[in-house]
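A.B. asks: Sharing a model that was predicted from the sequence below.
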Amino acid sequence: MTDPAVEGGARSGAATVDLNSDVGESFGRWELGDDAAMLELVTSANVACGFHAGDASTLRRTCDVAAERGVSVGAQVGYRDLAGFGRRFIDMDPVELRDDVTYQIGALAGLARVAGTSVRYVKPHGALYNAAVHHEAQAQAVVDAVVAYDASLPLLGLPGSALLAAGERAGLRTVREAFADRAYTPEGTLVSRREPGAVLHDADAVADRVVRLVTERRLTAIDGTDVTVDADSICVHGDSPDAVAMAARIRERLAQEGVAVEAFA
């Protein structure tokens, strides 16, 4: 969201930023993304938990690779919607949603444990992520699940969202996220995937956009205006065909600007 207090200002020389990606989203014989290549580039892995994507063996293998490469594992929790890939809003009872989120964190935690690592943060996926920007009850349900399961786990979400506000009130560590490959509205929220231009594909343009975001806290919205965005972590979606090339280019450009890429958890 825009911040009038810092309009016209800039911040240069940011020392570090996290780079995250959604992984573990294959299911059975159906494969999505190149998780092995992406886990060479990112510092945090948003691992599916079986509700929107991912079967047990896929998630176990993903955790194995993340552990081998020192990548932080996060539980990417979503609606119970395999057919819709978790990208369809579901008007759930908050108690049921809380319990579904708890279930997903626990399932991934078990697979991470046998892989020699652990769940280190939580991030909602897809439609749940977008709902939790404004939907107070669903945002609170996610927070309640994290608090009940392990209140030391950071919560990753959109700056200015109901999710992060609820997390802060509950005493959780909240981590602000921006998206490298998604278009933004002038209000600082994500353009719906149903709209043209919502997903960005030019690796060089995206990398330049990320550098500006990290060093100046600004990006250009879909209408051409500037938006102020504070972010501790940058997401590159792992399910686009050019995701790996994009992540590699982002790493390269950040290194050129002296910005270290490090996990936040």
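C.D. replies: Arrived safely, thanks for sending. Numbering: from 1, shown residues only.
A.B. asks: check contacts around residue 79.
C.D. replies: 51, 52, 86, 88, 89, 90, 92, 100, 126, 127, 128 (CB atoms under 8 Å, 6 or more residues apart in numbering). Bear in mind the C-beta positions are built from the backbone N, C-alpha and C, glycine included.
A.B. asks: let's see it at 6 Å
C.D. replies: By CB atoms under 6 Å, 6 or more residues apart in numbering, residue 79 lies in contact with 86, 90, 128.
A.B. asks: just residue 195 next, same as before
C.D. replies: So, once contact is read as CB under 6 Å, 6+ apart, residue 195 ends up touching nothing.
A.B. asks: Figure out how far stretch 32-48 is from the centre of its chain.
C.D. replies: Computed by CA atoms, centre = their mean, to the nearest Å, the chain-centroid distance of stretch 32-48 equals 12 Å.
A.B. asks: buried sites along it?
C.D. replies: Buried residues in stretch 32-48, defined by neighbour count with 16 or more other CB atoms under 10 Å: 32-33, 35, 38-39, 41-48.
A.B. asks: now stretch 188-196
C.D. replies: Within stretch 188-196, the residues scored as buried using 16+ other CB under 10 Å are 188, 189, 190, 191.
A.B. asks: How about the secondary structure of residue 234?
C.D. replies: With DSSP: H, G, I helix; E, B strand; the rest coil as the basis, the three-state label of residue 234 is strand.
A.B. asks: Need the pLDDT of the residue nearest the centre of the chain.
C.D. replies: Geometric centre of the chain, nearest residue: residue 235, 5.3 Å, by CA atoms, centre = their mean. Looking at residue 235, its pLDDT reads 96.
A.B. asks: can you check residue 189 too?
C.D. replies: 89.
A.B. asks: all numbers from here: first residue = 2
C.D. replies: Okay, residue one is now 2; in that scheme the one you just asked about reads as residue 190.
A.B. asks: And it, how close does it get to residue 129?
C.D. replies: 15 Å (CB to CB, to the nearest Å).
A.B. asks: Helices along the stretch 52-201 of the chain, start to end?
C.D. replies: Listed in chain order, the helices of the stretch 52-201 of the chain (DSSP state H, counting those that start in this stretch) span 57-70, 95-115, 127-135, 137-151, 163-170.
A.B. asks: Including mean neighbour count, mean pLDDT and distance to residue 27, could the ones you listed go into a markdown table?
C.D. replies: Below are the helices of the stretch 52-201 of the chain laid out as a markdown table (neighbours: other CB atoms under 10 Å; pLDDT from 0 to 100; distance: least, CB to CB, whole Å):
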| stretch | mean neighbour count | mean pLDDT | distance to residue 27 |
| --- | --- | --- | --- |
| helix 57-70 | 19 | 98 | 5 |
| helix 95-115 | 19 | 98 | 14 |
| helix 127-135 | 22 | 96 | 16 |
| helix 137-151 | 21 | 98 | 24 |
| helix 163-170 | 20 | 98 | 27 |
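A.B. asks: any chance of the ones you listed in TSV, plus distance to residue 121?
C.D. replies: As requested, the helices of the stretch 52-201 of the chain are arranged in TSV below (distance: least, CB to CB, whole Å):
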stretch	distance to residue 121
helix 57-70	10
helix 95-115	9
helix 127-135	18
helix 137-151	10
helix 163-170	15
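A.B. asks: Out of those, flag the one nearest residue 221.
C.D. replies: Each of the helices of the stretch 52-201 of the chain has some distance to residue 221 by CB to CB; the shortest is helix 127-135, at 20.1 Å.
A.B. asks: my guess is residue 68 meets residue 119, correct?
C.D. replies: No - contact between residue 68 and residue 119 fails when scored by CB atoms under 6 Å: they sit 9.2 Å apart.
A.B. asks: who does the longest strand anywhere in the chain touch, helix- and strand-wise?
C.D. replies: Longest strand in the chain by number of residues (criterion: DSSP state E): strand 17-24. For strand 17-24, the elements it packs on are helix 36-39, strand 45-49, strand 234-236, judged by 3 or more CB pairs under 6 Å, 6 or more residues apart in numbering; DSSP states H and E.
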